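S.K.: Here is a sequence together with a model predicted from it:
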Amino acid sequence: MKQEQVLLAHGDGGQLTHQLVQELFLRYFNFPALQALTDAALLPPPAGRLAVTTDSFVVQPLFFPGGDIGTLAVAGTVNDLAVSGAKPMYLTAGFILEEGLLLVDLERVVASMAETARDAGVAIVAGDTKVVERGRGDGLYINTAGIGVVLPDLDGEGASLDGSRIGEGDAVLISGTLGDHGLTIMAQRAGIAFDTPVQSDCAPLSSLIAALQENCLGQVKWMRDPTRGGVATTLKEIAEVTAKDIVIDEQALPVRDAVADGAAILGLDPLYLANEGKVLVIVAPEARDAALAALQAHPLGREAACIGHVSGGSGQVYLKTPLGGHRILNRLMGESLPRIC
Amino acid sequence: MKQEQVLLAHGDGGQLTHQLVQELFLRYFNFPALQALTDAALLPPPAGRLAVTTDSFVVQPLFFPGGDIGTLAVAGTVNDLAVSGAKPMYLTAGFILEEGLLLVDLERVVASMAETARDAGVAIVAGDTKVVERGRGDGLYINTAGIGVVLPDLDGEGASLDGSRIGEGDAVLISGTLGDHGLTIMAQRAGIAFDTPVQSDCAPLSSLIAALQENCLGQVKWMRDPTRGGVATTLKEIAEVTAKDIVIDEQALPVRDAVADGAAILGLDPLYLANEGKVLVIVAPEARDAALAALQAHPLGREAACIGHVSGGSGQVYLKTPLGGHRILNRLMGESLPRIC
Amino acid sequence: MCLAAPAQIVRIEEGGWLAEVESFGNRRSVGLTLVPEAKVGDYVIVHAGFAVEIIDEEAAKISLATWEELLCSTK
Amino acid sequence: MCLAAPAQIVRIEEGGWLAEVESFGNRRSVGLTLVPEAKVGDYVIVHAGFAVEIIDEEAAKISLATWEELLCSTK
Amino acid sequence: MLDEIIKPLRDPVRGRQMLAEIQARWHTLAARRGRPIVLMEFCGTHTVALARTGIRSLLLPEVELKSGPGCPVCVTDARDLDRAIALASVPGVTVATFGDLLRVPGSRGSLQEARAQGADVQVVASPLDALQLAIAHRERQVVFLAAGFETTAPATAVTVQAAARQGVENFFVYSLHKMTPPGLRAVLGDREIGIDGVILPGHVSLIVGRQAWDFVAEEHQLPGVVAGFEPVELLAALGLMALHWDEEPQILNAYERVVRERGNGAAQQALAESFVPVDAHWRGLGLLPGSGLALAERYRQWDAVVQFADCWRDLEPPKPIAGCRCGDVLRGVCTPLDCRLFGQGCSPATPVGPCMVSQEGTCAAYARFAVAK
Amino acid sequence: MLDEIIKPLRDPVRGRQMLAEIQARWHTLAARRGRPIVLMEFCGTHTVALARTGIRSLLLPEVELKSGPGCPVCVTDARDLDRAIALASVPGVTVATFGDLLRVPGSRGSLQEARAQGADVQVVASPLDALQLAIAHRERQVVFLAAGFETTAPATAVTVQAAARQGVENFFVYSLHKMTPPGLRAVLGDREIGIDGVILPGHVSLIVGRQAWDFVAEEHQLPGVVAGFEPVELLAALGLMALHWDEEPQILNAYERVVRERGNGAAQQALAESFVPVDAHWRGLGLLPGSGLALAERYRQWDAVVQFADCWRDLEPPKPIAGCRCGDVLRGVCTPLDCRLFGQGCSPATPVGPCMVSQEGTCAAYARFAVAK
Ligand code: SF4
Ligand code: SF4
Ligand SMILES: [Mg+2]
Ligand SMILES: [Mg+2]
Ligand SMILES: [Mg+2]
Ligand SMILES: [Mg+2]
Ligand SMILES: [Mg+2]
Ligand SMILES: [Mg+2]
Ligand SMILES: [Mg+2]
Ligand SMILES: [Mg+2]
Ligand SMILES: [Mg+2]
Ligand SMILES: [Mg+2]
């Protein structure tokens, strides 16, 4: 491409759009139905119920230790499908480019998406590119929508993952450490930046979750990836849905020292920091050990831990402090701003 | 909602996000799988091949005569499915809100989406909301991804719509006037605004296309909605794909006087203006009259016309001028900027 | 080199500096300083936001007739 | 009311105004003006981008011992 | 109704009748001459209209229509664009200009690319809109980059007068305005080109008057015709020229509905009050004496060329664009097809030279309305 | 290794041992007194830490911990916020401040809402970052909105000195800095509240020194303890206070690893050079003599309060927030649970009063770390 930067004309549907699609996107995304450039991709009839999800990605900076917006855009949507019990199959990708974005940066992101999609075993089957004026975007926003299939063998009687099967005594597991992604991103922000050894955990969890489901057939009652709002917000939501309480043991929470320290520097709480490669799992008590073992046996689940349990109640999440006190965890309230006082 | 404006905190996944979803989105989008607020919507196994598409909508202004960004976001994706021969079934909706957007404006858009989806017979099954800082968005961007099903009765042997069946002599039809949407939008732009009686044509075409397909079973060879880049760019693309020429008769092009005049004011060409409620159709010559009649019998196709035909060649689009000259139509080149000289 | 479009004056603002013009339903406000003699109902040529000349309807008719006379004779 | 976190000085910039500090792998640059006597290796309390005091390691040990002595007696 | 004026001028039946007559007449004339007759349309809008209607191709091979330097965007000097870009990149400064100018390459990119890098560039449709922008954003310095020939310059003239009357202190004009008679004179004076007649710009003429072109007939012994832009008007102009071909060279008016003998007096007066003629650089033609319009001394306070001179003090002089034959194209010495970059690296989407940028640029018109073989 | 200093202070085994001992001691003391003992923690960070660790609930009912006005964000006057918002809304002005301040309601919205309406508000983690912002954006006026007690004010003091040394002319400070001893004096002087002892702010104390609090014992006859923030340190402070309960009131130091008898001399000197004490409005407490820090005359050029006074000349005085009992909460007269808006319209996501805004605000701490029944 002759241009080094994205121009508004790259989004007008004309010659430059055509070039961008041909010379960049199709070079990395090589699914036949996409290459056909029809208005919609035509795909074979799926073999089970569909799972459908969407997320937009507006992360800043675009590139961060451990990944970039492209990794995130693929992993995030793959994970939403996987935690719903589906095998992720197809993604769509909608790009909103800001005039002035460097084409080399766009290429890096597209390459990440292609690689992450390959890792996750999904195909990018449809796409779209828009360009907005400088000052009306932030380099690059990506929307992905995902389609998965709930394979019949994961979809047996009573295998619903919507939380309706959660009961008292069920164990709450997390597949690894808290807050790595959120802390990584916060540490990069202009005005508050510091160097940290922490890396984003962003990764597609489809194989981890498949391994878990295989080992605990029908015993996984609920899964969710604790992204925005963190573990606390995610737990609060399921507690409300079930109208049961969840009791978390603060000492059992896996948190890296550097994350805890970085959060203290910023005045934030790792329980509310975003994760992009972790899954919260609720399993029957008798499946707890098998589930934990299955998670820990997978490269993405080595630091998995049982962090609490479900008890009777009214939709509260309690955190048991090391001193034996309890406090209530609510949803994240208000934008996470770094604080000094 | 207490707040009148979108704050960054509406996008942090915490309490305000929760309120926005509960008190606004779920009020208008009432598909059960969406209301469940799981990570992915679970949908029954479809009865045919899947059609999948995505588009992002970044139109300014958000509200314009004839519709708004919400109408567009639903109609645009529905139309991409319909022109692919699919029955549109499900949409996902990803919102990127700019801090400061008025919540009443958001509500108007969401209401339009709900209404347009109802008209088009599709369900919004999954959604996402992000908020970006002021100056990093433009009020509201919407991505929709669409899933349709190619019903077996539309999907018989040889019914492929990818252009491979196009042959010499085939007729090129358009379902109505050119450029209404593009001119409407351009006429609203700051710096060049003028009052025009023209309205956007944005509308979901699923029922028009279904009527066409019923009346011309298997004879429709190709369809596309000539959006960005307009009729000229869309025709150039299919001409290249087929490596045949397309000859358009300038006098046959339906263009409203006010659109022609408005385009002249701005120094633009209606052939390159966007349409959001029109379909270009290529049919076998023997089906031309039936197709035209089917289009004209539908409220959205009253001004349908046969505008040209396919001939042997090498992928060019020729426009026959009223004086009998020919000129070549290429893709839109470079951003459409209003000109004075 | 100068795109210009015809329109009809439908209203002249107080002061006479600005006018509203109409063409095929499209309406816009244009500067009138360069055609101070223009009045409501006149057709004008508009360029860069200003009316730059009044169309002489009579001349238009005569031209057309002349051209038909001189240049459509082979028919 | 004043969030502050401990860190160790790993480098002092020429001029002595700024230092790089480290805590559990996190590194940042802080102002050193308020603790002019600080040296590399010292632990400091950081607030609002400045080291505001040096941690007295000896005092920390003594305090801890005292508290155990005085307040863990019921065990 | 406008319809009554405009529709007959677009009537395809009348048009095809005239075309047949005109083709026949030129056929005879060219045959008599033993070679094609070469006419130059000075005006870029004519270039576009002749291509868009197919007239250019329908007259071949008897009449070859060459394009002149009549696109104000194309003749804008790279140095001026470099300055405009420098200006737009200054924090607090907004450059407002017509859409046409955004894609014209200076020697270090275009305003469009500068905007992509963060410069504040706004598109307006009228100098009045630029003035409004300044009034609405008193905290910014709004510079109207004023390109255009005599048709456009009066609008700028009146706008700067309004700014002065209203005391708008954050509005400035960078005048790139040029006058066409000196431009045409420069082309006609060039020995390299051989043309037989000139199609004169319709909208410039309604300002300067038909008589402004008499020098073409008198000094250069070439026939000329002032033409409108509707298909029938274009054909009429070509037809009238053919009808009078054997007479003493004269300047005909085939656009009498708007072009008067002496043009628009009010507009000429506005120009005289706001501007003074200066020597100006035309891309491809060089420095043409008295061909530019600079703001008059009394508007010095609004003159960006004076007030922002610091911004480009350190700019290096522009370098010529390698391989681009715009200069020759503008002088009618060659057609875009003679440039080896045409279609090979230089296209409307990725223009190399200014003639490819404006839709009215000769190269762009050739590329967009490529004549069917 | 930091570990060796920090980890023992978080050791749950040691913590639970100490807790048992301390609970027993306070149980005895409260029983002897025949009513719960009321201690006030002045410092908002203590409020949060006592809630987060569960200590507040684990000491009940024998010890009631009341929160004092020790959150600099909460005590920021609505008038100052209205001014900051006016300032941030001026084109060309950037207000840089700590994240905490963004959500504090003035009388017409918060900085966060102003930002949503287009005001330029930037979050920084240090006054030095605000200075850097000014240096990087010479075309803007960068105003650092400086909130904080004695812990924070020295950072501002040193930064304004650096701005002066480097001649940064587009950097300004709007000082909201306040001094805590006058704040505590005002609370203790109020007859409405009955408290038995004070937990003194650890990080303020490392600047002002332990002895700065002797007036609490001497003038108010109340025992006090300077406490750190780690669980074991908090317990130690409570334990030491209990141990010395029967002695003559005195100010203990349970944060000796950083708090010296006379505090940080360099920091005190920086304060003395950059600031002068002035009377200041504290939200809820009113005008407290000598409790604020204004920039010294020699830094007038960098003083936003002086240089931008025009921006708020026409601001109406703030109206009290209907129903909000922050004033009473800040003085320890009531707890958030006594406010009828608490949890009913006033929540951390939609704060009504300033005490709900900062995570260290008493109402926010109550809402966030709601004690399990
Ligand atoms: S084709 Fe391009 S490079 Fe060649 S003369 Fe035209 S503008 Fe210049
Ligand atoms: S709960 Fe809200 S309204 Fe009540 S005192 Fe606290 S901040 Fe004010
Ligand atoms: Mg999702
Ligand atoms: Mg997600
Ligand atoms: Mg999720
Ligand atoms: Mg698209
Ligand atoms: Mg940006
Ligand atoms: Mg699409
Ligand atoms: Mg589309
Ligand atoms: Mg389409
Ligand atoms: Mg989401
Ligand atoms: Mg915006």
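M.R.: In hand now; what should we look at? Ligands and ions are numbered 1, 2, ... in the order given.
S.K.: and stretch A:175-189, which residues are buried?
M.R.: Using 16 or more other C-beta atoms under 10 Å in any protein chain shown as the test for burial, stretch A:175-189 gives A:175-188. In short, each C-beta sits where N, CA and C put it, glycine included.
S.K.: TSV for these, including pLDDT, distance to residue F:332 and secondary structure?
M.R.: Below are the buried residues of stretch A:175-189 laid out as TSV (pLDDT from 0 to 100; distance: C-beta to C-beta, whole Å; DSSP: H, G, I helix; E, B strand; the rest coil):
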residue	pLDDT	distance to residue F:332	secondary structure
A:175	98	45	coil
A:176	98	43	coil
A:177	98	40	coil
A:178	98	35	coil
A:179	97	35	coil
A:180	98	40	helix
A:181	98	40	helix
A:182	96	35	helix
A:183	96	35	helix
A:184	97	40	helix
A:185	95	39	helix
A:186	93	34	helix
A:187	93	37	helix
A:188	90	41	helix
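S.K.: check those against ligand 1, which are close?
M.R.: For ligand 1, no contacts are drawn from these by C-beta under 6 Å from any ligand atom.
S.K.: Tell me the residues of the stretch 51-200 of chain A that contact ligand 11?
M.R.: Contacts of the stretch 51-200 of chain A with ligand 11, taken as C-beta under 5 Å from the ion, map to residue A:55.
S.K.: Most proximal residue of the stretch 51-200 of chain A with respect to ligand 11?
M.R.: The stretch 51-200 of chain A approaches ligand 11 most closely through residue A:55 (4.3 Å), counting by C-beta to the ion.
S.K.: Quick test: name the residue nearest the centre of the chain.
M.R.: Just so you know, I chose chain A. Compute the mean C-alpha point of chain A, and by C-alpha atoms, centre = their mean the closest residue is residue A:76, 3.3 Å away.
S.K.: that's the other chain; I wanted chain E
M.R.: Central residue of chain E (C-alpha atoms, centre = their mean): residue E:71, 2.5 Å from the mean position.
S.K.: do chain C as well
M.R.: Residue closest to the average C-alpha location in chain C (C-alpha atoms, centre = their mean): residue C:44, at 1.9 Å.
S.K.: That residue belongs to a helix?
M.R.: No. Using DSSP: H, G, I helix; E, B strand; the rest coil, the assignment for residue C:44 is strand, not a helix.
S.K.: wait, it sits on residue C:54?
M.R.: Yes. With contact defined as C-beta atoms under 8 Å, residue C:44 reaches residue C:54; the gap is 5.5 Å.
S.K.: overlap in contacts of those two?
M.R.: The contact sets of residue C:44 and residue C:54 overlap at C:35, C:38 (C-beta atoms under 8 Å, 6 or more residues apart in numbering or on different chains).
S.K.: near chain B at all, stretch E:221-234?
M.R.: Yes. Interface with chain B: stretch E:221-234 contributes residue E:231 (C-beta under 8 Å from any C-beta of the partner chain).
S.K.: can you tell me the helix or strand for the residue nearest to the centre of chain A?
M.R.: Here residue A:76, judged by DSSP states H and E, is contained in helix A:69-83.
S.K.: so what's the residue nearest to the centre of chain E closest to, chain neighbours aside?
M.R.: Once flanking residues are discounted, residue E:71 sits nearest to residue E:44: 3.4 Å by C-beta to C-beta, 6 or more residues apart in numbering or on different chains.
S.K.: which phi and psi does that neighbour have?
M.R.: Backbone geometry at residue E:44, expressed as degrees, to the nearest 10, gives phi -60, psi -30.
S.K.: what about it, how many neighbours?
M.R.: The tally of other residues near residue E:44 (other C-beta atoms under 10 Å in any protein chain shown) stands at 32.
S.K.: who in the stretch 1-150 of chain E is up against chain C?
M.R.: Taking C-beta under 8 Å from any C-beta as the contact definition, the stretch 1-150 of chain E meets chain C at E:2, E:5-6, E:8-9, E:14, E:17-18, E:20-22, E:24, E:43-45, E:70-72, E:98, E:125-129, E:148-149.
S.K.: Please identify the helix or strand for residue E:79.
M.R.: Using DSSP H and E, residue E:79 sits within helix E:78-88.
S.K.: and the residue of chain C nearest ligand 2?
M.R.: residue C:29 (50.9 Å; C-beta to the nearest ligand atom).
S.K.: Surely that residue forms part of a helix?
M.R.: No. Residue C:29: not assigned to a helix; according to three-state DSSP it is strand.
S.K.: got a list of what it touches?
M.R.: Shown in contact with residue C:29 (C-beta under 8 Å, 6+ apart): C:13, C:18-21.
S.K.: And for residue E:135?
M.R.: For residue E:135, the contacting residues are E:166, E:168, E:171, by C-beta under 8 Å, 6+ apart.
S.K.: that's a helix at it, yeah?
M.R.: Yes. Membership of residue E:135 in a helix is supported by three-state DSSP.
S.K.: Show the buried residues in the residues of the stretch 1-150 of chain E next to chain C.
M.R.: Buried members of the residues of the stretch 1-150 of chain E next to chain C, counted by 16+ other C-beta under 10 Å: E:2, E:5-6, E:8-9, E:14, E:17-18, E:21-22, E:43-45, E:70-72, E:98, E:125-129, E:148-149.
S.K.: of those residues, list those near ligand 5.
M.R.: Within those, nothing lies near ligand 5 by C-beta under 5 Å from the ion.
S.K.: Mind checking which of the residues you listed are in helices?
M.R.: E:2, E:5-6, E:8-9, E:14, E:17-18, E:21-22, E:44-45, E:127-129 (DSSP state H).
S.K.: circling back to that earlier point, would you turn the contacts of residue E:135 into JSON lines with secondary structure and distance to ligand 3?
M.R.: Formatted as JSON lines, those follow (DSSP: H, G, I helix; E, B strand; the rest coil; distance: C-beta to the ion, whole Å):
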{"residue": "E:166", "secondary structure": "helix", "distance to ligand 3": "54"}
{"residue": "E:168", "secondary structure": "coil", "distance to ligand 3": "51"}
{"residue": "E:171", "secondary structure": "strand", "distance to ligand 3": "49"}
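S.K.: The closest residue to ligand 1 within the stretch 1-150 of chain E: neighbour count?
M.R.: Of all residues in the stretch 1-150 of chain E, residue E:74 sits closest to ligand 1, at 8.3 Å by C-beta to the nearest ligand atom. Using other C-beta under 10 Å, residue E:74 has 30 neighbouring residues.
S.K.: And for residue E:106?
M.R.: Neighbours of residue E:106 under the rule other C-beta under 10 Å: 24.
S.K.: can you list the weak-confidence ranges in chain E?
M.R.: Per-residue confidence for chain E (pLDDT under 70) gives these ranges: E:190-192, E:359-360, E:370-373.
S.K.: is it true that the residue nearest to the centre of chain E touches residue E:42?
M.R.: No. Residue E:71 lies out of contact with residue E:42 (C-beta under 8 Å); the separation is 9.8 Å.
S.K.: and for those two, which residues touch both?
M.R.: When C-beta under 8 Å, 6+ apart defines a contact, no residue borders residue E:71 and residue E:42 alike.
S.K.: worst-scoring helix or strand of chain A, pLDDT-wise?
M.R.: Least confident helix or strand of chain A, by mean pLDDT, DSSP states H and E, is helix A:32-35 with a mean of 81.
S.K.: how about the lengthiest strand in chain C as PDB, C-alpha atoms only?
M.R.: The strand that spans the most residues within chain C, counting by DSSP state E, is strand C:5-12. Below are the C-alpha coordinates for strand C:5-12, written out as PDB (Å, rounded to 0.1, in the frame of the first residue of the first chain):
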ATOM      1  CA  ALA C   5     -26.000  25.800 -10.000                       C
ATOM      2  CA  PRO C   6     -29.200  27.700 -10.800                       C
ATOM      3  CA  ALA C   7     -31.800  28.400  -8.200                       C
ATOM      4  CA  GLN C   8     -34.700  30.700  -7.600                       C
ATOM      5  CA  ILE C   9     -34.800  33.500  -5.000                       C
ATOM      6  CA  VAL C  10     -37.700  32.900  -2.700                       C
ATOM      7  CA  ARG C  11     -37.000  35.400   0.100                       C
ATOM      8  CA  ILE C  12     -34.600  38.200   0.600                       C
END
